[in-house]
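Engineer: Test case, fold it:
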Amino acid sequence: MVGTQQLKWDDYATAWARLHGGFDPRVAAPVVRAWLRFAYHVGYILGRLKVTPTAVTVAGVLLCFCVPLFAVRGVDGPIVGALFVLLASVADSVDGAVAVATGRTTRLGYVYDSIADRLGEVAWLVAFWLVGAPGALVVAGGALSWLHEYLRARAVAAGMREIGVVTVGERPTRVSVALVGLLLAGLTGMIDPDLAAGTITMATAVWVLLAGFGLGQLLSTVRRALIDAG
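Structural biologist: Modelled structure (predicted):
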């Protein structure tokens, strides 16, 4: 697909599946399917407005950088930070939708998107730390999540052709933990400011546990896939 011609939903879903290990969004769970269709419609509109995928990616990173800036501004700061996490997650889905719907998918764009995701997660974890989570726990969460993505990338480079497994530590999980964690920290902080730190610490611990378990799942799947392929 070239130029300004844009894909309809079924063609978009087929193209999206090719870029995501064969996972067809049309047969996904209702919530996932609804989210992906929402991203498609927004991406379709932005494509018609000549907005580029890179512009949406940059906007998403800037929204992520707003999370730690606003998370510490007042008692309701974490709630505002949660709102920016939500907006950034929408941008993260929409940039790919713009690229696929308008036929602008490139390898360089994929690299940019991956870098943007990692930068965004660093910003969220910095917000966790600023709200009160222990630094060591925050670093552990970031390291495990980075290893998860690095392992999958290296496995694909080594010959694993499919997505492998959808683990409990995937990016949507990290988005959910960041969103819910900051929201709850803000709400509990309104009751007692000291509760915000404890709440965000629990959220960080959940991030670490899910990231660690997800990494184990992925390691097991990669090992089997590469042994079978070799």
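Engineer: hey, where'd the strands end up in this protein?
Structural biologist: Here the chain has no strands by DSSP state E.
Engineer: list the contacts for the nearest residue to residue 205 once chain neighbours are set aside?
Structural biologist: Ranked by C-beta to C-beta, 6 or more residues apart in numbering and with sequence neighbours excluded, the top spatial neighbour of residue 205 is residue 137, at 6.4 Å. For every residue, glycine as well, the C-beta is placed using N, CA and C. For residue 137, the contact set (C-beta atoms under 8 Å, 6 or more residues apart in numbering) comprises 201, 204-205, 208.
Engineer: So which of those residues is surrounded by the most neighbours?
Structural biologist: The residue in the contacts of residue 137 with the most neighbours, by other C-beta atoms under 10 Å, is residue 204 (26 neighbours).
Engineer: Let me know the pLDDT of it.
Structural biologist: Note on residue 204: pLDDT of 98.
Engineer: my guess is it meets residue 132, correct?
Structural biologist: No. Contact criterion C-beta atoms under 8 Å: residue 204 and residue 132 do not qualify, at 9.4 Å.
Engineer: Could you find the residue nearest the spatial middle of the chain?
Structural biologist: By C-alpha atoms, centre = their mean, the chain has its centre lying nearest to residue 171, at 4.0 Å.
Engineer: Would you mind measuring from the nearest residue to that residue once chain neighbours are set aside to residue 19?
Structural biologist: Of all residues not flanking residue 171 in the chain, residue 117 sits nearest, at 6.3 Å (C-beta to C-beta, 6+ apart). Counting by C-beta to C-beta, to the nearest Å, the separation of residue 117 from residue 19 is 15 Å.
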